[in-house]
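Compute the structure for the input listed below.
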Amino acid sequence: MAKTKWAIDPTHSEIGFKVKHMMFTNISGKFNAFEATIENEDNHFETSKISFSADVNSVDTNNTDRDNHLRSADFFDVENFQKLTFVSTKIKKISEGEYQLAGDLTIKNVTKNIVLETEYSGLMTDPWGNTKAGLSITGKINRKDFGLIWNASLETGGVLVGEEIKLNCEIQLIKQ
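Here you go, the predicted model:
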């Protein structure tokens with residue numbers, strides 16, 4: 001079996017998330033600096049070994065004050081923890097193009113095994129002859145499980161920031 005190496009194409013990929021704000025609207029964010037390496041056998045996604053990292057200092061919610069707060073010790077604490085990482089542990093095929101991607105997510109030196117729903121779009125050759133693969137990845141985590149515990153109570157009840165984080169990643173890989 002031939003080993004294939006892939007890298008994430010950052011200009012055609014987005015690592016995003018959403019969280020409830022004031023209990024009734026979603027705020028979106030993304031990481032602007034990230035990298036991944038993927039290795040599989042004979043281009044078969046289910047044989048992939050995936051290693052991903054994002055620079056948490058690159059968090060971007062389109063609001064400078066909020067981004068600076070997210071970088072602070074209240075949340076990501078970028079002074080002490082510069083990266084979040086994900087390393088795959090298992091890929092299970094559910095149906096054609098549908099997979100469950102299990103792996104270890106580490107944020108602030110806290111590692112939890114999570115499962116992400118993954119849609120594999122297959123292989124394509126771009127106009128310049130590069131082989132590409134497409135992935136859509138979604139999932140949910142509880143931010144408090146990773147030590148992201150800051151919050152503020154609202155006068156009307158409830159809290160400012162929801163605990164559940166919805167992950168939404170659109171990934172384009174390029175064959176190395």
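
quick one: which helix or strand includes I50?
strand 49-55 (DSSP states H and E).

Give me the distance between whatever helix or strand comes next after that strand and the centre of its chain.
Remark: after strand 49-55, the chain's next helix or strand is strand 59-60, criterion DSSP H and E. Taking C-alpha atoms, centre = their mean, to the nearest Å, one finds the center of strand 59-60 at 13 Å from the center of the full chain.

For strand 59-60, which helices and strands make contact with it?
strand 25-31, helix 64-71 (3 or more C-beta pairs under 8 Å, 6 or more residues apart in numbering; DSSP states H and E). Placement of C-beta: from N, CA and C, glycine included.

who wins for proximity to I91 among those?
Taking C-beta to C-beta, strand 25-31 is the member of these nearest to I91, at 22.4 Å.

Find the residue at the geometric middle of this structure.
For the chain, the residue whose C-alpha lies nearest the mean C-alpha position (C-alpha atoms, centre = their mean) is I15; its distance is 5.2 Å.

Disregarding residues adjacent in the polypeptide, which is nearest to it?
Once flanking residues are discounted, I15 sits nearest to F31: 4.7 Å by C-beta to C-beta, 6 or more residues apart in numbering.

So what pairs up with that neighbour in the strands?
Taking DSSP bridges as the rule, F31 bridges to I15, V59.
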